[in-house]
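S.K.: Need coordinates for the following:
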Amino acid sequence: MVAQVMRLTMGEWYKLRRRWLPWILLGVAILLSQAILWGFHIAYHVSDDAFGSITSTYEYRRDNVTVKLTCADVAEERVEEKLAALSEEELLMIGEDVAGWSTNCDDYVSPEESRGVFTLPYSIGANIAFLFALFFIIMVMILTTSVMGVEYGWGTLRATLSRGTGRWQFLAAKLILVLLAGIGGLLVVTAAVAVSSIIAGVIPPSEEGSLVSSDGWLDAVEVLAKSLYALAPYVAVAIFLTVLTQSTAQGTALSMVYYVLESLVLPPLLGLSDLLENVSEVLLSTNVSDWMYQGETAAVQALGGGEQPDTVQAFFVMLAYIVVLAGATFWVFQRRDISGAKGE
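M.R.: Okay, the predicted model is just below:
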């Protein structure tokens with residue numbers, strides 16, 4: 001059975017690679033990832049306050065004593081050391097001012113962390129996280145509805161099943177193909193980001209900072225692994241809607257409506273009521289966001305400035321979506337009659 005599914009998956013791949021849609025989506029993903037990386041690069045060099053790396057300073061002058069504090073001093077716990085030159089009277093006098101000023105440094109990101117969003121290895125995690133949150137899920141859902149819906153539109157599904165291909169094997173091959181295509185797309189995007197990160201690290205040549213950091217590679221691998229798991233429930237949503245409607249157009253439309261409503265419309269509406277606030281904890285978009293957040297780099301987490309969510313809960317909620325939707329899809333696909341070509 002497994003061998004048959006693998007053979008069907010290879011056959012589906014040979015068909016998919018001849019179509020324009022997957023290559024167009026891959027090209028768009030690469031272009032968007034490059035826009036994100038070079039956008040961060042330009043912002044870092046153009047802005048004097050890139051990602052909060054430079055903030056207002058606190059300066060105290062009296063007689064021949066001058067003390068200047070920066071957010072870097074707060075982050076690296078050098079404030080007490082710099083204030084050691086002041087008398088107790090002066091410390092009491094400026095204590096409240098220093099405490100009030102230090103709150104401006106809560107979102108401080110060091111220059112090295114700011115550079116991390118476009119230099120290796122942190123650029124991989126940061127780029128994938130932003131791309132995933134903005135566009136990649138939509139692309140994979142479009143690919144999923146197309147891969148399954150084209151069988152209904154061209155009328156090839158009935159002919160394929162009439163040759164003895166099992167229904168669950170055929171559907172499993174489609175699911176595996178889409179997931180492998182998502183994995184391949186992420187790996188290609190990652191390779192493109194890695195090459196661009198090396199180039200960005202030496203432009204301009206006089207820039208200070210390391211070209212490639214020895215730390216953070218495990219974080220990059222973690223982001224990729226979590227991204228692959230986070231794709232699965234959205235693939236399950238898209239293929240369920242396509243099988244349910246037996247249409248590429250309707251499956252795509254419903255998938256996009258679901259994504260927009262569930263990720264953009266419902267969360268703020270549910271947040272208006274204390275009674276409905278807990279409902280957001282079972283939304284797919286909320287749990288995927290929580291799941292992906294833990295995989296972000298230190299720089300991206302600092303930019304977010306929020307508390308780290310519970311990824312164990314997110315894992316099981318996403319697993320529930322995968323199991324329920326995949327089971328429903330197989331049930332509908334096994335029992336519904338297959339009609340002829342719909343001409344889509």
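
S.K.: can you tell me which residues contact T156?
M.R.: V150 (CB atoms under 8 Å, 6 or more residues apart in numbering). Any C-beta I mention is one placed from the backbone N, CA and C, and that applies to glycine too.

S.K.: what do you get for the one 5 residues further on?
M.R.: Remark: with contacts taken as CB under 8 Å, 6+ apart, L161 is in contact with 167, 170, 338.

S.K.: Quick check: chain neighbours aside, which residue is closest to the last one?
M.R.: If the residues on either side of it in the chain are set aside, I338 comes closest to R158, at 4.6 Å by CB to CB, 6 or more residues apart in numbering.

S.K.: sorry, back to before: tell me the most packed of the contacts of L161, by neighbour count.
M.R.: F170 (19 neighbours; other CB atoms under 10 Å).

S.K.: So for that residue, what's the pLDDT?
M.R.: Per-residue pLDDT puts F170 at 90.

S.K.: Hmm, R158 and it touching each other?
M.R.: No: in this structure F170 lies outside contact range of R158 using CB atoms under 8 Å: 11.5 Å.

S.K.: In this protein, what helix or strand scores lowest on average pLDDT?
M.R.: helix 298-304 (a mean of 44; mean pLDDT, DSSP states H and E).

S.K.: ok, residues contacting stretch 172-192?
M.R.: Contacts of stretch 172-192 (CB under 8 Å, 6+ apart): 5, 8-9, 11-13, 16, 22, 25-26, 29-30, 33-34, 124, 127-128, 131, 136, 139-140, 143-144, 147-148, 220, 224, 227-228, 231-232, 235, 239, 326.

S.K.: Out of the contacts of L161, list just those in helices.
M.R.: Mapping the contacts of L161 onto helices (DSSP state H) picks out 167, 170.

S.K.: just checking, what packs against the helix or strand just after the least confident helix or strand of the chain?
M.R.: Note on helix 298-304: by DSSP states H and E, the next helix or strand toward the C-terminus is helix 311-335. Using 3 or more CB pairs under 8 Å, 6 or more residues apart in numbering; DSSP states H and E, the elements in contact with helix 311-335 are helix 167-201, helix 217-245, helix 284-293.

S.K.: wait, which of those helices is closest to E96?
M.R.: E96 lies closest, by CB to CB, to one member of the helices and strands packed on helix 311-335: helix 284-293, at 34.8 Å.
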